[in-house]
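**Q** When you get a sec, could you give me coordinates for this:
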Amino acid sequence: MAIITLLTDFGLRDHYVGAMKGVIARIAPHAGVVDISHEVEPFQIAQGGYLLSQAWRYFPEGTVHVAVVDPGVGGERRAIAAEAQGHRFVLPDNGLLSLAGVDRPVVREIRNEALMLHPISRTFHGRDIFAPVAAHLAAGVPFETVGPLVDDWLDDWVKWPSLGHRVLHIDRFGNVITSLRAPASLQVCGERIDLYAPSYSAAPAGKLFLIMGSGGYVEISEREASAAARIGCRVGDLITLDEKS
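**A** This is a model prediction of the structure:
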């Protein structure tokens, strides 16, 4: 059975996710649909890329991943489909693919209008372009029919270094996931953190500390408490490294 994953900044209050799933069900009724997350902060492309990077590789080969964090919908950015490491990705050409950690993808611009819904809204490409294209791919339509190859996709548009060091994500427990790959003394929202702990249980109660998270990024945490609430930070906030680090 084909699998389609969904990741968006749509939330679940509105009809958007449900409409995308309805489109998929009509075109590929036997496909399994798995939600990675719909709680990406609005317009936060880096957060969407981070969450996609932490999930897609754990699905079986043949999975089609749809990611829609698309502040440029209806504008100049292209819609693309990519194939890499046995997986397929359907998403806007705005840096999401680069941030997802996909190695040497084959990228095509989505131009085949027979794979889209009509009329195409200028505000809801998730429903009219990305969901139907993903469903057709899951139903067996050849990848080559999506559109022409492109070699100038935005691989360099958003890379972790070009972001500066920032808060990528805040999880349910209040852990603050940063773009850092190695622990270093840092400041965020006026709070300085330089204590490192190898595990949550090894950290002292009531103290902010740094820990290497399961995704390979440094997290700011507080034992059995929300570090994000204590610091008052948000996704996208700048992180400043201590000059001695």
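
**Q** dump the residue contacts of Val17.
**A** Contact partners of Val17, counting by Cβ atoms under 8 Å, 6 or more residues apart in numbering, are Leu6, Thr8, Phe10, Asp35, His38. For glycine as for every other residue, the C-beta is placed from the backbone atoms N, C-alpha and C.

**Q** Can you get me a residue count around Leu115?
**A** Residues within reach of Leu115, counting by other Cβ atoms under 10 Å, total 20.

**Q** how much space between it and Ser226?
**A** Taking Cβ to Cβ, to the nearest Å as the criterion, Leu115 is separated from Ser226 by 43 Å.

**Q** pLDDT value on the residue nearest to Phe173 when sequence neighbours are not counted, please?
**A** If you skip the residues right next to it in sequence, Phe173 has Ser226 as its closest partner in space, 6.9 Å away by Cβ to Cβ, 6 or more residues apart in numbering. At Ser226 the predicted local confidence, pLDDT, stands at 98.

**Q** Please tell me how far Ser226 sits from Glu41.
**A** The span separating Ser226 from Glu41 equals 16 Å under the rule Cβ to Cβ.

**Q** tell me the phi and psi of Ile170?
**A** Backbone torsions for Ile170, taken as degrees, to the nearest 10, come to phi -130, psi 120.

**Q** got it, and Val68?
**A** According to degrees, to the nearest 10, Val68 has phi -130, psi 90.

**Q** Gly236 too?
**A** Recorded main-chain torsions at Gly236 are phi 100, psi -10, according to degrees, to the nearest 10.

**Q** Okay, domains of this protein per the record?
**A** Each structural domain of the chain that the record assigns through automatic domain parsing is listed here as a residue range: 3-146, 161-241.

**Q** Thought Tyr58 was touching His87, still the case?
**A** No - contact between His87 and Tyr58 fails when scored by Cβ atoms under 8 Å: they sit 10.7 Å apart.

**Q** still on that earlier bit, would you mind putting the domains of the chain into JSON lines with distance to Asp152 alongside?
**A** Compiled in JSON lines, the domains of the chain are given as follows (distance: least, Cβ to Cβ, whole Å):
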{"stretch": "domain 3-146", "distance to Asp152": "9"}
{"stretch": "domain 161-241", "distance to Asp152": "17"}
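
**Q** Contacts only, for Asp132.
**A** Actually, residue 132 is Pro. It isn't Asp. If a contact means Cβ under 8 Å, 6+ apart, then Pro132 has Val23, Ile24, Ile27, Leu115, Met116, Leu117 as its contacts.

**Q** now, among the residues you listed, which is nearest to Met1?
**A** Within those, proximity to Met1 (Cβ to Cβ) peaks at Ile24, which comes in at 13.0 Å.

**Q** Skipping adjacent residues, who's closest to the closest one in space?
**A** On the basis of Cβ to Cβ, 6+ apart, the spatially nearest residue to Ile24 that is not a chain neighbour turns out to be Ala135, at 4.4 Å.

**Q** is it true that the one you found touches Ala28?
**A** Yes - using Cβ under 8 Å, Ala135 makes contact with Ala28 at a distance of 4.2 Å.

**Q** out of these two, which sits in the more crowded spot?
**A** Taking other Cβ under 10 Å, Ala135 and Ala28 do not tie; Ala135 has more neighbours (27 against 24).

**Q** Would you agree the more buried one falls within a strand?
**A** No - counting by DSSP: H, G, I helix; E, B strand; the rest coil, Ala135 is not found in a strand; it is helix.

**Q** oh, and call the first residue 160 from now on, that's how I've got it
**A** Taking 160 as the first residue, the last one we looked at is Ala294.
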